[in-house]
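Colleague: Let me see the structure of the following:
(2 chains)
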Amino acid sequence: MSFWEVFLQQLFNGLLIGAFYGLVAIGYSMVYGVIKLLNFAHGDIYMTGAFTGLIILGFISAGIANAWLAIVISLVLSMVLVGLFGVAIQRVAYRPMLKAPRLSILITALAVSMIIYNSVLLLTQGQARPFRTGLTGESFYVGALRLTETRVVLLVAALVLMFLLHMFITRTMYGKAMRAIALDRDTCQLMGINVYKIIAVTFFVGSSLAAAAGMFAGVYYGTVHFFMGFLIGLKAFTAAVIGGIGIIPGAMLGGLLLGLLESFATQIPGVGTVWKDVFSFIFLILFLIFKPTGILGRVESERM
Amino acid sequence: MLRFKNSWIIFLLLALFTVGLFGCGGDSTAPAGDENGGETPEEFEGEVLIGIMLPVTGAYSENGIDMQNAVFLAVDEINAAGGVLGYKITTTIGDDECDPAKATAAASKLVSEEVVAVVGGYCSGATLPTLKIYGDAGVPMVVAAANATSLVEENPGWTFMINSTGDMQAENAVNWFEMQGVETIGLIDDGSAFATDLKMLTKSQWEAKGKAVLTDDTVTVGEQDFSALVTSIMQAGPDGIYWTAYHAEGALIVRQLREAGYEGVIIVADGTSAPAFIELAGEYAEGVFCTAPPFADLNPAAAEFVTNFKAKFNTDPGAYSGLTYDATYLLADAMERAGSFEGSAIRDALAETDGFQGISGEVMFTERNTLGRSNFVILVVQDGNWAFAE
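Modeller: Have a look, this model is predicted:
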């Protein structure tokens, strides 16, 4: 492969994984925006989404001939169910803690993460499960770039979801309310915004995007397991911080940037796959030192 | 309002309980072999406790549970034949989850339960920190699967390894690459003790033949996307690839390599020999070779064991069950020869083992307590199953 072929291939690799990071990072960022909570359970929501999608797909794939149609239906159902699951977690675990010191709610998030993680571990007996979709994985070339149908569709789908979310945040009243709450929750309440409802909507949207990413990962990689959410949770958090936590376009940008960084780091002699993660986390540290508010972040007086 | 709040908490607790009960229920049915606590004939003079250290939960529990069942099967047979020195063998589990931290806790638990000996050891990384714990406590251990060089180096003298060591596996892989006409290879591990060790051994053996290792990579456990790695491998273009770690990532890497159009020889190490690898990688697994321990399923000498295992546990024995079964019998044999349950006496008897005939072959230890011969075979995935490669 020539330099440009490798460059293009790695660019595509990076964009795809970056889009997955971005989808998960959005959830981190949205939740941080409205209630200033680093929702550590978010990676586990991603994993729950993958398993929910797998279960639904198992039920419906027998009756639906078209593999993509079955995937889309289970994707939508999984997003709705996991979205509601996110709302339920918020209602049960986080809402009673909203007035408590911030550390308490952070620890609650850790506990929620452990409960989900270990429940799935027990239910699946810790085994990885194959995610069969019926897609063939046929590949084709665009110029020198080798692509599969799955990869292209997933990348487009992820970008479409991000775009839809962006429209939701900027063009709807809910989105406006979310942004307002991020600025000042108490004032919003005084202005007659139902803050709790908006928080619930935030969790719904964030969780369903993570579920979508989980489902995409299942379709793409063909395997789901109980610890799949851990590493991507960490990476998505990194992406959210790089982009500026609490800022939604920042999360998308951070995700894509991190994905590209990782995939190109693999090509750097001496870095390779061995140091790839170290390379990207060094990037995180550099950001925390020189631009702690992230790429799109503005200077704020109070930070966590 | 307060009542409403409380009812939420009660609901949550109930939900947790249900999950807990359901989960535990599912879990306790898995090691169905607890039946060895069944009928105790009158003539037993007492009970002797053996510890089992294996990953019976977690990502590698498939192998762990198979191995645990092999211990149960052997113990039941030994007890049915009158036990050891007139004592009935009972077992206790220390779940290492293939995690060094959990393994340390599991080993301490076993030691505090005063086991006379330990059998098990699947992941080398998890087994490594326990060697000193058993050594300090004077508890001999027979390791059934784990075989990294570091285990040999760190062995305080109380551990006996009945699986061939990493350098023999590396030699096996190198020879097979040569037979396939491979000139250049790429190596991938996951940073775990065993996989890194095997990778380095393979690298030095391959380079000693004057041939080139084009790529040398380490992936992160838990990662799913290896596309960047695959692209860099495709760019370097080695004729053969050796994956030295376990099946969870192995299945993903093989799939992504083949999807990207890689057509060279792929060999995976024994950690990937679990049937789950084929299930996860699907059709992409076809034609993948494996440097594997003597699979009981494919071993004619183990036919009776396989039949009994299937009858009792309703699954195939898997890669390491045969060795684990042998390890249990070897331990019982050593106790008989030692004539006591004293740790040092059992250790000495183990060290003197000469020509113990197990279903996976003969056992005899070197002065470093490793198996004195290579027991590795080459398997290949054919029509969705492992078969001997020719």
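
Colleague: which ones are touching A:Gly49?
Modeller: Shown in contact with A:Gly49 (CB atoms under 8 Å, 6 or more residues apart in numbering or on different chains): A:Ser78, A:Met79, A:Val82, A:Ser207, A:Ser208, A:Ala210, A:Ala211, A:Ala212, A:Ala213, A:Gly214, A:Met215. (C-beta placed from N, C-alpha, C; glycine too.)

Colleague: ok, 10 Å please
Modeller: A:24, A:75, A:78-79, A:81-83, A:85-86, A:207-218, A:224, A:229 (CB atoms under 10 Å, 6 or more residues apart in numbering or on different chains).

Colleague: ditto for A:Phe20
Modeller: By CB under 10 Å, 6+ apart, the neighbours of A:Phe20 are A:46, A:154-155, A:158, A:212-214, A:216-217, A:220, A:232, A:235-236, A:239, A:255, A:259, B:224-225.

Colleague: In chain A, where is pLDDT below threshold?
Modeller: Scanning chain A with the threshold set as pLDDT under 70 gives A:1, A:137, A:298-304.

Colleague: now chain B
Modeller: For chain B (pLDDT under 70), the answer is B:1-42, B:296.

Colleague: I'd like to know how far the most centrally placed residue in it sits from A:Ser29.
Modeller: When CA atoms, centre = their mean is applied to chain B, the residue found nearest the centroid is B:Tyr122 (3.1 Å). From B:Tyr122 across to A:Ser29, the span is 40 Å (CB to CB, to the nearest Å).

Colleague: near chain A, anything from stretch B:208-215?
Modeller: Yes. Using CB under 10 Å from any CB of the partner chain, stretch B:208-215 comes into contact with chain A via B:Thr215.

Colleague: An error on my part: the question was meant for stretch B:274-282.
Modeller: Yes. Using CB under 10 Å from any CB, stretch B:274-282 reaches chain A at B:Ala274, B:Ala276, B:Phe277, B:Ile278, B:Glu279, B:Leu280, B:Ala281, B:Gly282.

Colleague: next one: phi and psi at the residue of the stretch 1-150 of chain A found nearest chain B?
Modeller: Closest approach between the stretch 1-150 of chain A and chain B, counting by CB to the nearest CB: A:Leu122, at 3.0 Å. Note on A:Leu122: backbone dihedrals following degrees, to the nearest 10 are phi -70, psi -40.

Colleague: Likewise for B:Gly250?
Modeller: According to degrees, to the nearest 10, B:Gly250 has phi -60, psi -40.

Colleague: Check B:Trp243 too.
Modeller: According to degrees, to the nearest 10, B:Trp243 has phi -100, psi 120.

Colleague: swap in B:Asp217?
Modeller: Dihedral angles (degrees, to the nearest 10) for B:Asp217: phi -130, psi 160.

Colleague: quick one on the thing from earlier: chain B next: which of the contacts of A:Gly49 are close?
Modeller: Near chain B, by the rule CB under 10 Å from any CB, you find A:Ala217, A:Gly218, A:Val224, A:Gly229 out of these.

Colleague: Please list the members of the residues you listed that lie in strands.
Modeller: A:Val224 (DSSP state E).

Colleague: And A:Phe226, how far from A:Leu261?
Modeller: 27 Å.

Colleague: okay, those two: which has more neighbours?
Modeller: Counted by other CB atoms under 10 Å in any protein chain shown, A:Phe226 and A:Leu261 do not tie: A:Phe226 has more neighbours, with 27 against 20.

Colleague: thought the more buried one was touching A:Ser113?
Modeller: No. Judged on CB atoms under 10 Å, A:Phe226 makes no contact with A:Ser113 at a distance of 12.0 Å.

Colleague: list the residues that contact both of the two?
Modeller: Shared contacts of A:Phe226 and A:Ser113, counting by CB under 10 Å, 6+ apart, come down to A:Asp44.

Colleague: Run through the helices of chain B in chain order.
Modeller: B:2-29, B:61-80, B:100-112, B:124-127, B:130-137, B:149-154, B:166-179, B:193-208, B:227-236, B:247-259, B:275-281, B:303-313, B:321-338, B:343-351 (DSSP state H).

Colleague: Which strands or helices does the fourth one pack on?
Modeller: This means helix B:124-127. Applying 3 or more CB pairs under 10 Å, 6 or more residues apart in numbering or on different chains; DSSP states H and E, one finds that helix B:124-127 contacts strand B:46-54, helix B:100-112, strand B:141-143, helix B:149-154, strand B:159-161, helix B:193-208.

Colleague: ok, now with 7 Å
Modeller: For helix B:124-127, the packing partners by 3 or more CB pairs under 7 Å, 6 or more residues apart in numbering or on different chains; DSSP states H and E come out as helix B:100-112, helix B:149-154, helix B:193-208.

Colleague: quick one, which of the ones you listed is packed in tightest?
Modeller: Of the helices and strands packed on helix B:124-127, the one with the most neighbours on average (mean count of other CB atoms under 10 Å in any protein chain shown) is helix B:193-208, at a mean of 21.

Colleague: Run the angle between that helix and helix B:166-179 for me.
Modeller: Computed by axes from the mean of the first three to the mean of the last three CA atoms, to 10 degrees, the angle separating helix B:193-208 from helix B:166-179 equals 50 degrees.

Colleague: Need the CA coordinates for helix B:193-208. CSV is fine.
Modeller: Extracted in CSV, the C-alpha atoms of helix B:193-208 (Å, rounded to 0.1, in the frame of the first residue of the first chain):
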residue,chain,number,x,y,z
ALA,B,193,2.0,-12.1,30.9
PHE,B,194,1.4,-15.3,28.9
ALA,B,195,0.8,-13.6,25.5
THR,B,196,3.8,-11.3,25.7
ASP,B,197,6.0,-14.1,26.7
LEU,B,198,4.9,-16.3,23.9
LYS,B,199,5.3,-13.4,21.4
MET,B,200,8.8,-12.7,22.5
LEU,B,201,9.8,-16.4,22.4
THR,B,202,8.3,-16.7,18.9
LYS,B,203,10.1,-13.6,17.8
SER,B,204,13.5,-14.7,19.0
GLN,B,205,13.0,-18.2,17.5
TRP,B,206,11.9,-16.8,14.2
GLU,B,207,14.7,-14.3,14.0
ALA,B,208,17.2,-17.0,14.9
